[in-house]
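**Q** this one's sequence-less:
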């Protein structure tokens, strides 16, 4: 071999060694459950393989500062496709009791026709959005949030502003998950 070829090969081997030693930032982010993103993704893929690709999840969002509204959305996925989105709106009545104010149901052909409610996503899409968008927010400006259910499946993924007092969370919050 010529000296240039030897130097090139040696340079590639050394740079490959250093690149392989870098920490994966998705392994560093874990919540109270101490399950990191990559472990959660592995749990999801394993459970989906065992249980099938049909499930539901419920996401709730609250709006304060004069609105006092809770929006609860149930997404139903059958064979890996979102087939239904049911959204309920709750608000306080004149006595301050939280009551169902209104609701709507979108079936497969109607998905996305209403503005309100959680985005229409499968769990695979939620994991992708989480890893590409929310977990890479600037940790010097935001508090990164990642939590899982007891099963290891993603529950919360996003970020919030330090010292925020009213629903500043940006990301995905699942309150319930179940298999069909």
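**A** Ah, there it is. Just so it is clear, the structure is predicted and the values come from calculations on it, not from any experiment. Residues are numbered from 1 along each chain as shown.

**Q** show me the shaky parts of this structure.
**A** Where the chain drops to pLDDT under 70, the residues are 1-32, 63-67, 166.

**Q** so which residues of it form strands?
**A** Assigned by DSSP state E, the strands in the chain fall at 55-63, 69-78, 81-92, 98-107, 143-148, 154-160, 170-173, 176-179.

**Q** among the ones you listed, which is nearest residue 47?
**A** Among the strands of the chain, strand 176-179 comes nearest to residue 47, with 8.2 Å by CB to CB. In short, each C-beta sits where N, CA and C put it, glycine included.

**Q** from the chain's centre, how far out does the closest one sit?
**A** The chain centroid and the centroid of strand 176-179 are separated by 14 Å under CA atoms, centre = their mean, to the nearest Å.

**Q** partners of that strand in the sheet?
**A** Next to strand 176-179 in the sheet, as set by DSSP bridges, lie strand 55-63 (antiparallel).

**Q** got the angle for the strand it pairs with vs strand 81-92?
**A** In terms of direction (axes from the mean of the first three to the mean of the last three CA atoms, to 10 degrees), strand 55-63 departs from strand 81-92 by 30 degrees.

**Q** how many neighbours does residue 164 have?
**A** By other CB atoms under 10 Å, the residues close to residue 164 number 11.

**Q** ok, now residue 109?
**A** By other CB under 10 Å, the residues close to residue 109 number 7.

**Q** check residue 77 too.
**A** 20.

**Q** that one contacts residue 122, doesn't it?
**A** Yes. Between residue 77 and residue 122 there is a contact under CB atoms under 8 Å: 5.4 Å.

**Q** what about residue 70, distance to residue 134?
**A** 22 Å (CB to CB, to the nearest Å).

**Q** out of those two, which sits in the busier spot?
**A** residue 134 (21 against 17).

**Q** which residues touch the more buried one?
**A** In this structure, residue 134 makes contact with 144, 157-159, 170-172, judged by CB atoms under 8 Å, 6 or more residues apart in numbering.

**Q** could I get these as CSV with neighbour count?
**A** Listed next are the contacts of residue 134 as CSV, based on neighbours: other CB atoms under 10 Å:
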residue, neighbour count
144, 19
157, 26
158, 20
159, 21
170, 14
171, 19
172, 24
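
**Q** how about those residues in JSON lines, adding distance to residue 127?
**A** Formatted as JSON lines, those follow (distance: CB to CB, whole Å):
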{"residue": "144", "distance to residue 127": "16"}
{"residue": "157", "distance to residue 127": "8"}
{"residue": "158", "distance to residue 127": "13"}
{"residue": "159", "distance to residue 127": "16"}
{"residue": "170", "distance to residue 127": "17"}
{"residue": "171", "distance to residue 127": "12"}
{"residue": "172", "distance to residue 127": "9"}
